[in-house]
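In: Any chance you can model this:
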Amino acid sequence: MDNKVKSGKEILDDFFKGISEIENIDVEIANSLANLYHQGKFTDVNIKNELQKLRDKNANKD
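Out: Residues are numbered from 1 along each chain as shown. Got it, this is the predicted structure:
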């Protein structure tokens, strides 16, 4: 039996790899967050900016 303990980075890598498959999640937001994480740009400022871009984009659809 393998009792390997995952590191924090491994846990986050796994989470962001499958984030868009979480039930009832907005896929566009999930993909944006995953992209920021994988680019090494997962900061509060970048997250806020990305969410604002998505809000603006969706506001223009109406």
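In: Need the contact partners of the helix-or-strand element of the chain with minimal mean pLDDT.
Out: When each helix and strand of the chain is scored by mean pLDDT, DSSP states H and E, helix 44-61 comes last, with a mean of 92. With CB atoms under 8 Å, 6 or more residues apart in numbering as the test, helix 44-61 has contacts from 28-29, 32-33, 36. Backbone N, C-alpha and C define where each C-beta goes, glycine included.
In: Turn those residues into JSON lines, columns for secondary structure, distance to Asp44 and neighbour count.
Out: What follows is those, written out as JSON lines (DSSP: H, G, I helix; E, B strand; the rest coil; distance: CB to CB, whole Å; neighbours: other CB atoms under 10 Å):
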{"residue": "Glu28", "secondary structure": "helix", "distance to Asp44": "20", "neighbour count": "12"}
{"residue": "Ile29", "secondary structure": "helix", "distance to Asp44": "15", "neighbour count": "15"}
{"residue": "Ser32", "secondary structure": "helix", "distance to Asp44": "14", "neighbour count": "17"}
{"residue": "Leu33", "secondary structure": "helix", "distance to Asp44": "12", "neighbour count": "20"}
{"residue": "Leu36", "secondary structure": "helix", "distance to Asp44": "11", "neighbour count": "17"}
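In: Save those residues as CSV, and put in pLDDT and distance to Gly18 too.
Out: Below are these laid out as CSV (pLDDT from 0 to 100; distance: CB to CB, whole Å):
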residue, pLDDT, distance to Gly18
Glu28, 94, 16
Ile29, 95, 15
Ser32, 96, 15
Leu33, 96, 12
Leu36, 97, 16
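In: What is the nearest of those residues to Phe16?
Out: Leu33 (7.2 Å; CB to CB).
In: how near is that closest one to Asn24?
Out: 15 Å (CB to CB, to the nearest Å).
In: With Asn49 instead?
Out: 25 Å.
In: More neighbours: these two, which one.
Out: A side-by-side neighbour count of Asn49 and Asn24, using other CB atoms under 10 Å, places Asn49 first with 13 against 4.
In: For Leu36, see how far away that one is.
Out: Taken as CB to CB, the span from Asn49 to Leu36 is 9 Å.
In: Need the residue closest to the centroid of the protein.
Out: In the chain, the centroid-proximal residue (CA atoms, centre = their mean) is Leu33; its distance is 2.6 Å.
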